[in-house]
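Colleague: My questions are about this predicted structure, shown below with the sequence.
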Number of protein chains: 2
Amino acid sequence: MKKAKNTRETILQEALDMASHLGLESITIGQLALRLKMSKSGLFAHFQSKENLQLAILSHAASDFKYYVLLPALATEAGIPRIKKLVNNWIGWGERLTGGCIFVNASIEYSERKGKIHDFVLFLQEEWIDSLVKIAESAIRTGDFEKDIDTKQFAYELYSMLLGFHYYHRMLKDKDIRIRQEKALDRLIRNYQVTKEQVSPKSP
Amino acid sequence: MKKAKNTRETILQEALDMASHLGLESITIGQLALRLKMSKSGLFAHFQSKENLQLAILSHAASDFKYYVLLPALATEAGIPRIKKLVNNWIGWGERLTGGCIFVNASIEYSERKGKIHDFVLFLQEEWIDSLVKIAESAIRTGDFEKDIDTKQFAYELYSMLLGFHYYHRMLKDKDIRIRQEKALDRLIRNYQVTKEQVSPKSP
């Protein structure tokens, strides 16, 4: 049983990497078999169809993402340190794949396609946005962020910054983008942060 | 000659729309012929190869983008009004295509693919980023933005906001995203704007 699980994970990690740069729609069981030096029929036995393979890749990516990005962030001090940790983990996770974050790529690829893949990508992305909202809420609880901020607005602005990073890094190959992204994050946090003047009550 | 030009433009506008939602890599001369109710050989005579068709689509999109997005913004008062006009035009242009902005989609699709399409997308995207930098420079000249701002940083933050809009609008189908995007733009502008306090010289 262990061997079977490991084989499946090896296949899915390779398939995930392939999908990250070719696109989830472009990978085939045949191409993957070539890359893994496995028989096409052996691989077909694992997944039965291209769609099952695509869903398995996304599912594998989602649990990998949870393990490398979300859980270590949740294990970090809540508030601004947790936000910074989450951003760093997100960037680090994308770096582990030849084509960068599969969810960004799949969101573009499937936004106008209907079906199971689209629905699964959407589900995972809504979960991700929700965790950004929750992380902003935890920063309110620690007193890092002002109480009346719009946490969904924060989530939009934070994810926009990451999408911009993905674009500058992957398409433009901009060498300064990590520095720019950090500047943008600091500015974003400042916009939501409790300022020292506001800690002491203002005159009426 | 006029007819020929119009036929070509009709073909390319249809092809551009198709590419915006299927992806530039997925369209074929055969599928396009079906959609246009033209003969495949007739269409082939126009473009000779799939790659030529893809390049022609991008070229058509680039001149359409210039006409609808850039030029009307340049004809608007420089500074903050021009920035807002550019953003509105960008969003309006994406709305005219079933799958939204072709350049965002193609940047994701071609970031790890080598060849003429990649190079052309990159060229067009560098031109676009450059025009965002120039528009920030013009806001410095009008006195709207502070003199010492990092205009490349502004371009990154502005385009990130638009990429976030594209994602929320296309993938998440978020109905509030236009309001969120406008809030984010106002905040972004405020971060670079000359504040009233700073207009009068500070004490040394």
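Modeller: Sure thing, it's come through. Small disclaimer: the values here were computed from a predicted structure and weren't measured.
Colleague: How confident was the prediction at residue A:21?
Modeller: At residue A:21, the pLDDT value in this model is 88.
Colleague: any idea how far it lies from residue B:7?
Modeller: 37 Å (CB to CB, to the nearest Å). Glycine gets a C-beta too; all of them are placed from N, C-alpha and C.
Colleague: Please say which of those two ends up with more neighbours.
Modeller: residue A:21 (18 against 14; other CB atoms under 10 Å in any protein chain shown).
Colleague: pLDDT of stretch A:90-102, averaged?
Modeller: 94.
Colleague: mind checking how far it is from the chain centre?
Modeller: 8 Å (CA atoms, centre = their mean, to the nearest Å).
Colleague: First residue to last residue on that stretch, what's the distance there?
Modeller: 12 Å (CA to CA, to the nearest Å).
Colleague: for the nearest residue to residue A:138 once chain neighbours are set aside, phi and psi?
Modeller: Once flanking residues are discounted, residue A:138 sits nearest to residue A:78: 4.3 Å by CB to CB, 6 or more residues apart in numbering or on different chains. Note on residue A:78: backbone dihedrals following degrees, to the nearest 10 are phi -60, psi 160.
Colleague: Contacts only, for residue A:78.
Modeller: Residue A:78 sits next to A:138-139, A:141-142 when contact means CB atoms under 8 Å, 6 or more residues apart in numbering or on different chains.
Colleague: Selecting buried members of those in PyMOL, what would you type?
Modeller: In PyMOL, a selection of the buried entries from these looks like this (16 or more other CB atoms under 10 Å in any protein chain shown):
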select buried, chain A and resi 138+139
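Colleague: which one of the contacts of residue A:78 sits closest to chain B?
Modeller: residue A:139 (17.2 Å; CB to the nearest CB).
Colleague: wait, doesn't the closest one sit right on residue A:82?
Modeller: Yes: counting by CB atoms under 8 Å, residue A:139 does reach residue A:82; the two are 7.4 Å apart.
Colleague: Could you report the distance from residue A:103 to residue B:167?
Modeller: Distance of residue A:103 to residue B:167, computed by CB to CB: 10 Å.
Colleague: can you check residue A:173 too?
Modeller: 21 Å.
Colleague: where do the helices sit along chain A?
Modeller: A:2-22, A:29-36, A:40-47, A:50-65, A:71-74, A:80-95, A:102-110, A:116-141, A:151-170, A:177-192, A:196-199 (DSSP state H).
Colleague: so of the ones you listed, which one's packed in deepest?
Modeller: Across the helices of chain A, the average number of neighbours (mean count of other CB atoms under 10 Å in any protein chain shown) peaks for helix A:102-110, which reaches a mean of 25.
Colleague: Could you list which residues are in contact with the nearest residue to residue A:174 once chain neighbours are set aside?
Modeller: Leaving aside its sequence neighbours, residue A:174 sits nearest to residue A:168 (CB to CB, 6+ apart; 4.3 Å). When the contact criterion is CB under 8 Å, 6+ apart, the partners of residue A:168 are A:174, A:177, A:180, B:156.
Colleague: Could I get the pLDDT score of the closest residue to residue A:176 other than its chain neighbours?
Modeller: Leaving aside its sequence neighbours, residue A:176 sits nearest to residue B:152 (CB to CB, 6+ apart; 8.0 Å). Residue B:152 carries a pLDDT score of 98 in this model.
Colleague: Quick check: residue B:152 touching residue B:133?
Modeller: Yes: with contact defined as CB under 8 Å, residue B:152 reaches residue B:133; the gap is 5.8 Å.
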